[in-house]
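In: Below are the sequence and a predicted model for it; my questions follow.
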Amino acid sequence: MIVTSYAARVTETHGRRRGAHASRQRGSVWRELPVLIVIAVLVAVTIRVFVLQTFWIPSGSMEHTLDVNDRVLVNKVSYDFRAPHRGEIIVFRSPVSWRTDPAEKDFIKRVIAVGGDRVSCCDRAGRITVNGHELNETPYLYRNPDGSQEPASDGRFDVRVPAGRLWVMGDHRLQSGDSREHYLRTRDPVEATIPDRSVIGDAFAIYWPLGRVRALGVPTTFDRVPDP
């Protein structure tokens, strides 16, 4: 009886201790939860401000590489270490003169030529050339509903891209307010190009809708463009 009574008291004491310990654990979790939430928010904000950002495609200027309502991921870090490359799809802060709506600040286009390049259109086959290299734009240029490919340009140009600037074009050329369109209107190489410093980042993937998820690479035709 004495042993049984002692064991019962020990068990009861241990039970009270376990209950108190569990209560302290629950209290600790609730005290730590706001701190964890703040840390998670700070990490998310840091990633968005300095590393990655998402953008929504509102127009058809990049069809069908990017369709209306596609969502893309943009790397905001890569251009801290290097300049944009030909063929990359970039998001940039548009020149004020390019905006039909003052609220339209961020544009997305493909880099066709960089500072020092000579970009021309069109050769006998109707192609754009960069430093004398004919671009094969078939993989990304817009195709009409009847399957025919849109022309590389609806006007001729021959431009030396100013240093520190980029010649950018949409993949759906006839629906894109881009370097081609602005040069044909103004004949000013500066007005028709954007400064390197206006680039926000490199659009490297479509993440939504799910049926459109894929990486956005650089077409191989740009690998063979010689230096100016």
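Out: Sure, I can see it.

In: Mind checking what secondary structure residue 183 has?
Out: helix (DSSP: H, G, I helix; E, B strand; the rest coil).

In: Let me see the contact set for the nearest residue to it once chain neighbours are set aside.
Out: The spatial neighbour of residue 183 that comes closest, neighbours along the chain excluded (C-beta to C-beta, 6 or more residues apart in numbering), is residue 192 at 3.5 Å. The way it works is simple: take the backbone N, C-alpha and C, and place the C-beta from them, glycine included. By C-beta atoms under 8 Å, 6 or more residues apart in numbering, residue 192 lies in contact with 159, 167, 179-180, 182-183, 186.

In: Of those residues - the most surrounded one?
Out: Compared across the contacts of residue 192, residue 167 has the highest neighbour count, 30 neighbours, by other C-beta atoms under 10 Å.

In: Please, which helix or strand holds it?
Out: Counting by DSSP states H and E, the element that carries residue 167 is strand 165-169.

In: which helices and strands sit right next to that strand?
Out: strand 89-93, strand 106-114, helix 179-186, strand 194-195 (3 or more C-beta pairs under 8 Å, 6 or more residues apart in numbering; DSSP states H and E).

In: sec struct for the residue nearest to residue 183, please.
Out: When classified by three-state DSSP, residue 192 comes out as coil.

In: Check the gap between it and residue 212 for me.
Out: Using C-beta to C-beta, to the nearest Å, we find residue 192 at a distance of 31 Å from residue 212.

In: now swap in residue 188 and tell me
Out: Using C-beta to C-beta, residue 188 is found at 37 Å from residue 212.

In: Kindly report the same for residue 186.
Out: As defined by C-beta to C-beta, residue 186 lies at a distance of 35 Å from residue 212.

In: who touches residue 158 in this structure?
Out: Counting by C-beta under 8 Å, 6+ apart, residue 158 makes contact with 118-121.

In: what about the strand or helix carrying it, average pLDDT?
Out: Using DSSP H and E, residue 158 sits within strand 157-160. For strand 157-160, mean pLDDT rounds to 98.

In: Show me what it pairs with in its sheet, parallel or antiparallel.
Out: With DSSP bridges as the test, strand 157-160 is paired with strand 118-121 (antiparallel).

In: Give me the mean pLDDT for the strand it pairs with.
Out: 98.
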